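1. Structure of the sequence below:
(one chain, ligands or ions: 1)
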Amino acid sequence: MRFSAAEAVRAAGIDEDRLMAAIAPVEPSRVPVWRAGRMMRTLWPRGITAMALPWGIYLAPAVLERPLADLGPLIVHELTHIAQWRRLGPVGWARSYLGDYLRSRRGGMQHHDAYRAIGLEVEARAAAEALRPGGPR
Ligand SMILES: [Zn+2]
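-> This next block holds a predicted model:
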């Protein structure tokens, strides 16, 4: 583990009470952040720099070189995905995620737009934005 999600959130000055309310029952202090290995990164779609799995968050090496305080919104985004896993279960999460993506693709959207339109991604981006230090942009 490089650090816990709570350390990044604290360094970024994110309101921890609001965060805890948004992602309950996930506890940031118990979510480890790891460096994503080469094998894992070969499986990532282009442009992806972070991934949440039920037990922790994986970041690309280039992301880990940034100051901890800069990682806050990204960590909140990934913590939101972990909260979604808890809420939906792995099968429910995958069904919702892939279902949204495939529906958009079948509807004619390009990959990037279909990815952005996934409901669970929209929710994670909104959570990161709402909790951005100093308020949403
Ligand atoms: Zn995401």
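2. avg pLDDT for the longest helix that the chain contains?
-> Looking across the chain with DSSP state H, the single longest helix is helix 72-106. Averaged over helix 72-106, pLDDT sits at 96.
3. Report the buried residues of it.
-> Neighbour counts over helix 72-106 (16 or more other Cβ atoms under 10 Å) mark 72-85, 93, 97, 100-101, 104 as buried. (Each C-beta comes from the backbone N, C-alpha and C, glycine too.)
4. Not counting its neighbours along the chain, what's nearest the most centrally placed residue in the chain?
-> Centrality entry for the chain: nearest residue to the mean C-alpha point is E78, 1.8 Å, by Cα atoms, centre = their mean. Leaving aside its chain neighbours, E78 sits nearest to A52 (4.0 Å; criterion: Cβ to Cβ, 6 or more residues apart in numbering).
5. Point out the residues in this structure that sit beside the ion.
-> Residues of the chain lying close to the ion (Cβ under 5 Å from the ion) are 121, 124.
6. quick one, what contacts G135?
-> Neighbouring residues of G135 by Cβ atoms under 8 Å, 6 or more residues apart in numbering: there are none.
7. That one and E129, how far apart?
-> 9 Å (Cβ to Cβ, to the nearest Å).
8. distance between the ends of stretch 4-21?
-> The straight-line separation of the ends of stretch 4-21 (Cα to Cα, to the nearest Å) is 18 Å.
9. List the buried residues for it?
-> Neighbour-count burial for stretch 4-21 [16+ other Cβ under 10 Å]: 4-12, 14, 19-20.
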